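K.L.:
this is a predicted model, with the sequence first.
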Amino acid sequence: MSFSKASTNEGSGESVDRRAFVGAAIGGVSVCYLAAIGYPVYRYLASPVERAEAQAAITEVTLPDAHKLPRKSALMFKFGPFTAMLIHHEDGTWSAFNAKCTHLGCTVKYEPHNNRIFCECHGGIYDARSGANTGGPPPRPLQVYQVKVSETGVVVSKS
Amino acid sequence: MKSRMASVYGWLDERLGLEELLAFARHKTVPVHKHTFWYYWGGISLFFFIVQLFTGVLLLVYYRPGPEAYDSVRQITYDINFGWLIRSTHSWAANLMLVAIFVHMFSVFFMKAYRKPREFGWWSGLVLLLMTMLFGFSGYLLPMDELAYFATKIGLEMPEKIPWIGPKIASLLRGGLEVNEFTVQRFFALHVVILPLAFLPLLGFHLWLVQKHGNALPPSEEAKPAEQRRSMPFFPNFLAKDLAMWLIALNVLAVLAALFPWQLGEQADPTKAPPPGIHPEWYFMSMFYVLELFQGTWGLALSMGIFTLGLVLWTLIPFFDPDSRNGKRARQATWFGLLVVFILTATTVLGYWGVYGKGH
């Protein structure tokens, strides 16, 4: 079999067209094969990502019994895939934040004695009530969640 | 654009000697005759091996050996997107790879391609086959379902029966006195690290030998005068046909894996009796049947002795039938090959008959 048959057929534009057609057909079929293999492989590898994204789509978390949280203390919990914190302040008010430091993503902690939120990794400081970045490297405030306290627990929701 | 490409090529060629490689590829030819079809089966085996590397690495992303083995395979099969397809492809390709290797081996045998100077090709190929069977045996346990558990239990009875050192070896392989989560961990290490590390260099050696000696001619072609023999260039003609075969192999694999997804049985429970009709994969069926046939202490020794002797003779065939003359020894070797094919086929069929045929 010869691979240069088309070019030896002189004098007709047809053979060049046929060659282009065969080339395009092979290219098209190859793309189909690559897609048929690549798509399942991609979805297979992306499975946990899709699951986490589905979890991240939730807008509300109910924390049963969290209303019993003592004042001047914090509760760490999962908001979907994310780590979050619920703070019960000295004056009885509540705050909730996504606990991911806006600098480089460490998990922050509540310091009741300093009445602030602190990140151990690079010393980022946030206001315990508003989540505003007040010192250190963080470029933005913490993500704030809404808090509703009831007799049975605490409902934390995204605004 | 074209001159840029040419200068890049020139730069690479100066440093890597691409031109020599291309010249080699241009001069390489593959014989054309009525048995040329059988030349493709080594390449088909290689294709399935590549599929195994690819799907194996994908399974590795989610598989957890040890106590969680069954759960992780259950997760791959039922929870992860297309996990069933990746697993099914891996299992089907394992079986098809063994089919292809067996076809390759017997075609090499009957074309007398083990003769001088290709003895090392024959031997390295045999070791590759045995390693592929070990790949199959160790991989079969990893899902830790009922079938896997009992197949491994039975399989490990064989080293157990070797006099004196047998029980020690079997216990070391098992990591205990019974198949358990440590066995899975060990077989996992064997399946994904030890065997591939040993397999890849040997495969490289095998392929290098094929390059060095070229395709063997069957005796009927060798008898012809040189000017009557036909051949085709390896590049691009044979390569194109080779790739076409790979494409067919891929399609067959895709159809089997998608339409007959590999099943996951119930979780292995050592306290439960094996399900009825338990049997090993087809490539161990012959051995399984012979073990059943000769019972008792001596029967076991006899059946294992038969297999060992057969394998030794099979390995030594290049010494028995070494040269290209079509003499008496060549005919005897052919008869021996036919006998082996007959015995393997018959015992495999009888084994399946014993499992499924008798009133189940």
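P.N.:
Thanks, I have it.
K.L.:
C-alpha only now, for contacts and for neighbours.
P.N.:
Fine.
K.L.:
which non-adjacent residue is nearest residue B:320?
P.N.:
residue B:329 (7.1 Å; CA to CA, 6 or more residues apart in numbering or on different chains).
K.L.:
so that neighbour: helix, strand or coil?
P.N.:
Assigned by DSSP: H, G, I helix; E, B strand; the rest coil, the conformation of residue B:329 is helix.
K.L.:
how far away is it from residue B:35?
P.N.:
22 Å (CA to CA, to the nearest Å).
K.L.:
cool, residue B:283 as well?
P.N.:
Residue B:283 is 26 Å from residue B:35, by CA to CA.
K.L.:
was I right about residue B:69 contacting residue B:143?
P.N.:
Yes. The criterion here is CA atoms under 8 Å, and residue B:69 meets it with residue B:143 at 6.0 Å.
K.L.:
between those two, which contacts overlap?
P.N.:
Residues touching both residue B:69 and residue B:143 by CA atoms under 8 Å, 6 or more residues apart in numbering or on different chains: none at all.
K.L.:
looking at the two, which one has more neighbours?
P.N.:
residue B:143 (25 against 21; other CA atoms under 10 Å in any protein chain shown).
K.L.:
I figured the more buried one hits residue B:66, correct?
P.N.:
No. Using CA under 8 Å, residue B:143 is not in contact with residue B:66; the gap is 10.2 Å.
K.L.:
now do the contacts for the residue in chain A positioned nearest to chain B.
P.N.:
Nearest residue of chain A to chain B: residue A:44, at 4.7 Å (CA to the nearest CA). By CA under 8 Å, 6+ apart, the residues touching residue A:44 are B:80, B:81, B:82, B:83.
K.L.:
pull the most distant pair out of those residues.
P.N.:
The two members of the contacts of residue A:44 with the most space between them (CA to CA) are B:80 and B:82, at 6.2 Å.
K.L.:
helices and strands of chain A: which one bottoms out on pLDDT?
P.N.:
helix A:5-8 (a mean of 46; mean pLDDT, DSSP states H and E).
K.L.:
next SSE after it?
P.N.:
helix A:13-56 (DSSP states H and E).
K.L.:
which stretch of helix or strand covers residue B:151?
P.N.:
According to DSSP H and E, residue B:151 maps onto helix B:146-155.
K.L.:
kindly apply the preceding question to residue B:302 instead.
P.N.:
helix B:296-320.
K.L.:
ok, which stretches of the stretch 101-250 of chain B are strands?
P.N.:
Taking DSSP state E, counting those that start in this stretch as the criterion, the stretch 101-250 of chain B carries its strands at B:230-233.
K.L.:
in it, what residue comes closest to chain A?
P.N.:
Scanning the stretch 101-250 of chain B for the residue nearest chain A gives residue B:237, at 7.2 Å (criterion: CA to the nearest CA).
K.L.:
what about that residue, neighbour count?
P.N.:
Residue B:237 has 15 neighbouring residues, counting by other CA under 10 Å.
K.L.:
what's the residue lying closest to residue A:85 once chain neighbours are set aside in contact with, if anything?
P.N.:
Nearest non-adjacent residue to residue A:85, counting by CA to CA, 6+ apart: residue A:76, 4.4 Å away. Taking CA under 8 Å, 6+ apart, we find residue A:76 in contact with A:83, A:84, A:85, A:86.
K.L.:
so which residues make contact with the host helix or strand of the second one?
P.N.:
What that stands for is residue A:84. Assigned by DSSP H and E, residue A:84 falls within strand A:82-88. For strand A:82-88, contacts defined as CA under 8 Å, 6+ apart pick out A:56, A:69-78, A:94-100, A:107, A:110, A:128.
K.L.:
could you redo the last one with a cut-off of 10 Å?
P.N.:
Applying CA atoms under 10 Å, 6 or more residues apart in numbering or on different chains, the contact partners of strand A:82-88 are A:52, A:55-56, A:63, A:66-79, A:93-100, A:107-110, A:112, A:128-129, A:143-145, A:147, A:154, A:156.
K.L.:
filter these down to just the ones in helices.
P.N.:
A:52, A:55, A:56 (DSSP state H).
K.L.:
between residue B:283 and residue B:35, which one's more packed in?
P.N.:
More neighbours surround residue B:283 than the other of residue B:283 and residue B:35, with 17 against 14 (other CA under 10 Å).
K.L.:
surely the more buried one and residue B:98 touch.
P.N.:
Yes. Using CA atoms under 10 Å, residue B:283 is in contact with residue B:98, at 7.8 Å.
K.L.:
how about the helices in the stretch 251-360 of chain B?
P.N.:
Counting by DSSP state H, counting those that start in this stretch, the stretch 251-360 of chain B has helices at residues B:282-293, B:296-320, B:328-352.
K.L.:
buried sites along the shortest one?
P.N.:
When you say that, I think you mean helix B:282-293. B:283, B:284, B:285, B:286, B:287, B:288, B:289, B:290, B:291 (16 or more other CA atoms under 10 Å in any protein chain shown).
K.L.:
cool, and stretch B:72-86?
P.N.:
Buried residues in stretch B:72-86 (16+ other CA under 10 Å): B:72-77, B:80-86.
K.L.:
that stretch: end-to-end distance?
P.N.:
14 Å.
K.L.:
interface residues of chain B facing chain A?
P.N.:
Taking CA under 10 Å from any CA of the partner chain as the measure of proximity, chain B contacts chain A at B:55, B:58-59, B:61-62, B:76, B:79-86, B:232, B:236-237, B:247, B:250-251, B:254.
K.L.:
residues of chain A that sit close to chain B?
P.N.:
So far as CA under 10 Å from any CA goes, chain A lies against chain B at A:1-3, A:33, A:37, A:39-48, A:50-51.
K.L.:
so where's chain A shaky on pLDDT?
P.N.:
For chain A, applying pLDDT under 70 flags the ranges A:1-15.
K.L.:
okay, now the domains of it?
P.N.:
Domain ranges of chain A: A:5-56, A:60-157, per automatic domain parsing.
K.L.:
how far does the shortest one sit from its chain's centre?
P.N.:
Centre-to-centre, domain A:5-56 and its host chain are 32 Å apart (CA atoms, centre = their mean, to the nearest Å).
K.L.:
where does chain B have low pLDDT?
P.N.:
Ranges of chain B meeting pLDDT under 70: B:1, B:326, B:358-360.
K.L.:
pick out the residue of it closest to chain A.
P.N.:
For chain B, CA to the nearest CA, closest residue to chain A: residue B:81, 4.7 Å.
K.L.:
that older thread, need the winner for burial among the domains of chain A.
P.N.:
domain A:60-157 (a mean of 18; mean count of other CA atoms under 10 Å in any protein chain shown).
K.L.:
could you work out the end-to-end span of it for me?
P.N.:
Per CA to CA, domain A:60-157 runs 4 Å from first to last residue.
K.L.:
residues in contact with residue 114?
P.N.:
Going with chain A. By CA under 10 Å, 6+ apart, the contact set of residue A:114 is residue A:128.
K.L.:
right idea, wrong chain: chain B
P.N.:
Going by CA under 10 Å, 6+ apart, the list of residues near residue B:114 reads B:105, B:108, B:120-123, B:216, B:315-319, B:321-323.
K.L.:
okay if I get the buried residues of stretch B:72-86 as JSON lines plus secondary structure?
P.N.:
Below are the buried residues of stretch B:72-86 laid out as JSON lines (three-state DSSP):
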{"residue": "B:72", "secondary structure": "helix"}
{"residue": "B:73", "secondary structure": "helix"}
{"residue": "B:74", "secondary structure": "helix"}
{"residue": "B:75", "secondary structure": "helix"}
{"residue": "B:76", "secondary structure": "helix"}
{"residue": "B:77", "secondary structure": "helix"}
{"residue": "B:80", "secondary structure": "coil"}
{"residue": "B:81", "secondary structure": "coil"}
{"residue": "B:82", "secondary structure": "coil"}
{"residue": "B:83", "secondary structure": "helix"}
{"residue": "B:84", "secondary structure": "helix"}
{"residue": "B:85", "secondary structure": "helix"}
{"residue": "B:86", "secondary structure": "helix"}
